[in-house]
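*Asks:* just to be clear, the model below is a prediction. Sequence and coordinates:
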Amino acid sequence: MLILDHGITHSAVQKYYMLASVALLFYDLSTTLDIEIERVWSGKFRPFTVLWTLVSRMDIGLDIAPLAERN
């Protein structure tokens with residue numbers, strides 16, 4: 001385990017980095033949810049809607065999965 005200058009381990013820095021990225025992701029989702037609902041979900045269901053769901057929600061799973069494994 002790599003120890004940095006001030007006694008903080010590399011794994012602690014990595015954990016804080018992951019936590020910050022997930023917090024930023026949820027902030028982005030919460031601030032743009034109304035626009036997403038208006039532009040994507042209020043219209044007619046199309047193949048683009050499925051593609052949007054897969055791409056946008058896959059990012060959430062990829063960010064949260066490493067945090068769940070560490071706890």
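*Replies:* Alright, I've got the coordinates. Predicted model only: the values in this text are computed from it and were never measured.
*Asks:* and the lengthiest helix in the chain, how far from the chain's centre?
*Replies:* Counting by DSSP state H, the longest helix found in the chain is helix 10-36. Counting by Cα atoms, centre = their mean, to the nearest Å, helix 10-36 is centred 5 Å from the centre of its parent chain.
*Asks:* could you pull up the mean pLDDT of that helix?
*Replies:* Averaging pLDDT along helix 10-36 yields 84.
*Asks:* stretch 44-55 too?
*Replies:* The pLDDT scores in stretch 44-55 average 83.
*Asks:* any buried residues in that stretch, and which?
*Replies:* Neighbour counts using 16 or more other Cβ atoms under 10 Å place no residue of stretch 44-55 among the buried ones. No exception for glycine: its C-beta is placed from N, CA and C like everyone else's.
*Asks:* send the alpha carbons of it over as CSV?
*Replies:* In CSV, the C-alpha atoms belonging to stretch 44-55 read as follows (Å, rounded to 0.1, in the frame of the first residue of the first chain):
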residue,chain,number,x,y,z
LYS,A,44,-43.6,9.3,-27.9
PHE,A,45,-41.7,6.2,-27.0
ARG,A,46,-39.0,5.6,-29.6
PRO,A,47,-35.8,3.5,-30.0
PHE,A,48,-33.8,6.6,-28.9
THR,A,49,-35.6,6.4,-25.5
VAL,A,50,-34.2,2.9,-25.0
LEU,A,51,-30.7,4.0,-26.1
TRP,A,52,-30.8,7.1,-23.8
THR,A,53,-31.8,4.9,-20.8
LEU,A,54,-29.0,2.4,-21.4
VAL,A,55,-26.3,4.9,-21.9
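*Asks:* ok, residues contacting it?
*Replies:* Outside stretch 44-55, the residues that touch it by Cβ atoms under 8 Å, 6 or more residues apart in numbering are 40-41, 43.
*Asks:* filter the residues you listed to the buried ones?
*Replies:* The buried subset of the contacts of stretch 44-55 - by 16+ other Cβ under 10 Å - is empty.
*Asks:* which single one of the residues you listed is nearest to residue 57?
*Replies:* For the contacts of stretch 44-55, the closest approach to residue 57 (Cβ to Cβ) belongs to residue 40, at 12.0 Å.
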